[in-house]
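*Asks:* Fold the following, please.
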Amino acid sequence: MAADRQHTQEQVALPEAFVKQVKSALENLYDFAYLERHPLAQVSRPRAAELATTGGQHLRRELMAAIESLDPGMRVSFREPPARLYNLLHLHYVEGSTIQKAAHELGISLRQAYRDLRRGEENVASIFWVQRSRSLPQASNAVQASSIDAEISRLEGHPRPTDVRSLLHHAQQAVEQLAEQRAVRLCVDFPSEPVTVSTDPVIAQQVFVSTLSHTVQQAMPGRLYLALRAGKNRVFLALRYAPEPGAINESVIDNVVAQLADRLRWTVNQEDQPGNVRVVTMHMTARGPVVLVLDDNEGLVDLLQRYLTGHACQVTLAASGKEGLQLAQELVPDAIVLDVMMPEMDGWEFLQRLRARPQTAATPVIVCSVINDPELAYSLGASLFLPKPIGRDDVLVALHQLGVV
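*Replies:* Alright, predicted model coming up:
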């Protein structure tokens, strides 16, 4: 399939004006007002109407899907041209990094970054050109629903530290007019200090807006209470209101929003209490995964941070076994990456001491060493073994197996 797509892109002669239109849309990926007026959005309107969305929103989905379709997969090294093009497009347009920063993260020159970005834009334009020349407006509802599910399944969150209060304030503004029309008054109880979680702000914003909109539509005229509370490792949002009689058996979130919340690893609970009171509680993880690295080479931390871009992992270095044991107890990391060749206390001794402590005995450990002795590593309690040098795919696959990313 990838070969067919590449062949198609090589054969299509694209008008330069069309490539410029796609580029301008990519540059304004999060400016919905701009996308609504964009020429490509006018073409999107018939299908957008069928999917109950706007032309601008549908255009943005198409752009995101086109970028994701260029992902060569984890088996291709991030230094290979196909992976480089995809990562550059994702870093610059989806995550909002500058070209200079993206080039630095990918380890390429600025000149090469501009060349690759141009090639990537042409690839996205080719996908658009072929899709639109073949698209049929008579797609069935079942196919449309399947496309939405496929789009959601392709979403890869790009979490970063985000103030939940800011997202909720924007959600409030989005539903203000709707609430006024339905005589629903929003009563907010938020902390005065920032409430930070590690999440994808784009997906999270849509979850908040949709949940609040559906809640307003279910509520009887009167007050709708929103309370935000921050715990040690989790953040809680509670919505409390009186549902209309017709909404008694309805869920406050639909299937699409539920899937988006699941992508964020959030849970949404709905409880009907006596006295016609409904409480909807949203549970959010406050922090991203913590990866503790035991290595006397700080360069490994920089490498892992680059590999884990987009996964909001906190990568912390311990330069000695003693420091590692202390941090393992304090941070409670989701995984430890352990080098065997360490001064004073080597990796084997560290692993034995870690497993002997009840507080850290269950912590997953990835032994990563030039000493290729996986049997010894596993006998001492290693979860996984990676021989050096390690690549980005090796790290991501290992952390995925451990449920960290």
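
*Asks:* Now do the same contact list for the residue nearest to Val370 when sequence neighbours are not counted.
*Replies:* Leaving aside its sequence neighbours, Val370 sits nearest to Lys388 (CB to CB, 6 or more residues apart in numbering; 4.6 Å). For the C-beta atoms, the positions are set from N, CA and C on the backbone; glycine is no exception. Neighbour list for Lys388: Cys368, Ser369, Val370 [criterion: CB atoms under 8 Å, 6 or more residues apart in numbering].

*Asks:* From these, pick the one nearest His214.
*Replies:* Cys368 (46.5 Å; CB to CB).

*Asks:* check which helix or strand covers that closest one.
*Replies:* strand 365-369 (DSSP states H and E).

*Asks:* Wait, Gln273 touches Thr281, no?
*Replies:* No. Using CB atoms under 8 Å, Gln273 makes no contact with Thr281, being 11.9 Å away.

*Asks:* So between the two, which is more surrounded?
*Replies:* Legend: neighbour count by other CB atoms under 10 Å for Gln273 and Thr281, higher for Thr281 (15 against 9).

*Asks:* Tell me the strands beside the helix or strand hosting that one, with direction?
*Replies:* For Thr281, the enclosing helix or strand under DSSP H and E is strand 277-285. When sheet partners are counted by DSSP bridges, strand 277-285 sits next to strand 234-241 (antiparallel), strand 267-273 (antiparallel).

*Asks:* Can you tell me which of those strands is nearest to Met342?
*Replies:* Comparing the strands paired with strand 277-285 by their distance to Met342 (CB to CB), the top pick is strand 234-241, with 34.4 Å.

*Asks:* Show me how far the closest one is from its chain's centre.
*Replies:* Put simply, strand 234-241 sits 22 Å off its chain's centre (CA atoms, centre = their mean, to the nearest Å).

*Asks:* again with stretch 354-366
*Replies:* With CA atoms, centre = their mean, you get 29 Å for stretch 354-366.

*Asks:* Run through who's touching it.
*Replies:* Residues contacting stretch 354-366 (CB under 8 Å, 6+ apart): 324-325, 328-329, 332-338, 351, 380-386, 398-399, 402, 404.

*Asks:* which of those are buried?
*Replies:* Neighbour counting with 16 or more other CB atoms under 10 Å marks 324-325, 328, 333-338, 351, 380-386, 398-399, 402, 404 as buried within the contacts of stretch 354-366.

*Asks:* So which of these are in strands?
*Replies:* Judged by DSSP state E, the buried ones among the contacts of stretch 354-366 include Ala335, Ile336, Val337, Leu338, Leu384, Phe385, Leu386 as members of strands.

*Asks:* Pick out whichever of those residues sits closest to Gly120.
*Replies:* Of all those, Gly120 sits closest to Leu386, with 30.2 Å by CB to CB.

*Asks:* Quick check: the spatially closest residue to that closest one that is not a sequence neighbour vs Met342, distance?
*Replies:* Spatial nearest neighbour of Leu386, chain neighbours left out: Cys368 (4.7 Å); criterion: CB to CB, 6+ apart. As judged by CB to CB, to the nearest Å, Cys368 and Met342 stand 12 Å apart.
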